[in-house]
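show me the folded form of this:
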Amino acid sequence: MIAAIRADQPIPDPKLRALHDFARELVRTAGKPSAAAAERSCAAVKTLSNYSNHAFATKVDDAFAAYKTA
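Numbering: from 1, shown residues only. Okay, here's the model as predicted:
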């Protein structure tokens, strides 16, 4: 992945490619991506968020406790 990014070559994994493209868009637009760019990255960002929550054992808000899975 790093070699592909450094060489400006296609990133084979679609979620990682979407995340990379969105990160570039955030930098290019100073944190104001277009709605289309945000929509394209949605699945990748959700995946990253979910993984981060698992890694850091984020507490589920009380309002959503009934929906928590193991």
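
state the distance from residue 25 to residue 35.
11 Å (CB to CB, to the nearest Å). Using the backbone N, CA and C atoms, a C-beta is placed for each residue, glycine as well.

ok, the two, which is more surrounded?
The residue with more neighbours, out of residue 25 and residue 35, is residue 25; 18 against 7, by other CB atoms under 10 Å.

the more buried one sits in which helix or strand?
In this assignment (DSSP states H and E), residue 25 forms part of helix 14-28.

can you list contacts of that helix?
1, 5, 10-11, 33-34, 37-38, 40-41, 43-45, 47-48 (CB atoms under 8 Å, 6 or more residues apart in numbering).

which two among those are spaced furthest apart?
Farthest-apart pair in these is 1 and 34; separation 24.6 Å (CB to CB).

so which strand or helix has the residue nearest the centre of the chain?
Residue closest to the average C-alpha location in the chain (CA atoms, centre = their mean): residue 45, at 2.1 Å. Assigned by DSSP H and E, residue 45 belongs to helix 35-55.
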